[in-house]
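> predicted model follows, preceded by the sequence.
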Amino acid sequence: HPFERAREYTRALNATKLDKVFAKPFARALSGHRDAVACMSRSRQRLVDIASGSCDGELRIWDLAHGTARWCAKAHSGFVKGVAWSHDGEAVWTCGDDKVIKMWDRDPEEDSLDSISPTMTIMGQHAFLGIDHHWTEPLIASCGVDVQIWDPQRSDPVHTLTWGSESVSCVRFNPVEKQLIASTASDRSIVLHDLR
């Protein structure tokens, strides 16, 4: 066949790529959640900290170096839909389908597992699907029916950004252009908003 040599080359190349993919990429499994993990976020300040939220409303902060959970809390009455670290890495923000945004700030020396409670709670009007924290300012972006920008010192959103989509599933602040927000919607769109 005239393409036999090209086919064999492609097969050999694919086999080599597959060998590299399956050459022990597994590093560690973090187990401890009782239900499916719905979201997670990496700390922007500490390389070993990861926060994860599960479908039973549990929030866990993990130590990647040791593979253990530093602490866990019952964060929401339903799913934890979003987790985001604060810009200084000292607090974790969560949102859920119970229409609540919570800030968790824990000192391992002071808190016992029985007394873990949120430092701040913001009530929304609809279920939240995602959350992100600004890279330098104390602002939170949440999404659900629309994108809302929150100042933790206020009980109402500072901005409500709508695009005409049925629901917004993800929202992120841009780390370089800090006033830009990207969001993804159920109508297959990616929308950029400028807060200036």
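Perfect, I can see it now.
> with residue 105 as the reference, measure out to residue 119.
4 Å (Cβ to Cβ, to the nearest Å). For glycine as for every other residue, the C-beta is placed from the backbone atoms N, C-alpha and C.
> which residues do those two both contact?
Contact criterion Cβ atoms under 8 Å, 6 or more residues apart in numbering; residues bridging residue 119 and residue 105 by contacting each: residue 91.
> how about low-confidence regions in the protein?
Across the chain, the ranges flagged by pLDDT under 70 are 1, 21-26, 106-115.
> can you pull up the bridge partners for residue 52?
Beta-bridge pairing of residue 52, defined through DSSP bridges, involves residue 40, residue 60.
> list the contacts for it?
Shown here is residue 52, whose contacts under the criterion Cβ under 8 Å, 6+ apart are 30, 33, 37, 39-41, 59-60, 62, 83.
> go on, residue 117?
The neighbours of residue 117, taking Cβ under 8 Å, 6+ apart as the test, are residue 73.
> and for residue 154?
By Cβ under 8 Å, 6+ apart, no residues touch residue 154.
> where does it sit: helix, strand or coil?
Using DSSP: H, G, I helix; E, B strand; the rest coil, the secondary structure recorded for residue 154 is coil.
> looks like residue 118 contacts residue 95 (just checking).
No - look at residue 118 against residue 95 with Cβ atoms under 8 Å: they stay out of range, at 11.6 Å.
> can you list residues touching both of the two?
Between them, residue 118 and residue 95 share these contacting residues under Cβ under 8 Å, 6+ apart: residue 102.
> so for the two, which residue has more residues nearby?
Just comparing residue 118 and residue 95: by other Cβ atoms under 10 Å the higher neighbour count belongs to residue 95, 31 against 21.
> need the contact list for the closest residue to residue 33 other than its chain neighbours.
Nearest residue to residue 33 in three dimensions, chain neighbours excluded: residue 54, at 4.4 Å (Cβ to Cβ, 6 or more residues apart in numbering). If a contact means Cβ under 8 Å, 6+ apart, then residue 54 has 33-38, 60, 79-80 as its contacts.
> show me the contact partners of stretch 175-189.
With Cβ under 8 Å, 6+ apart as the test, stretch 175-189 has contacts from 134-137, 141, 143, 147, 149, 161, 163-174, 190-196.
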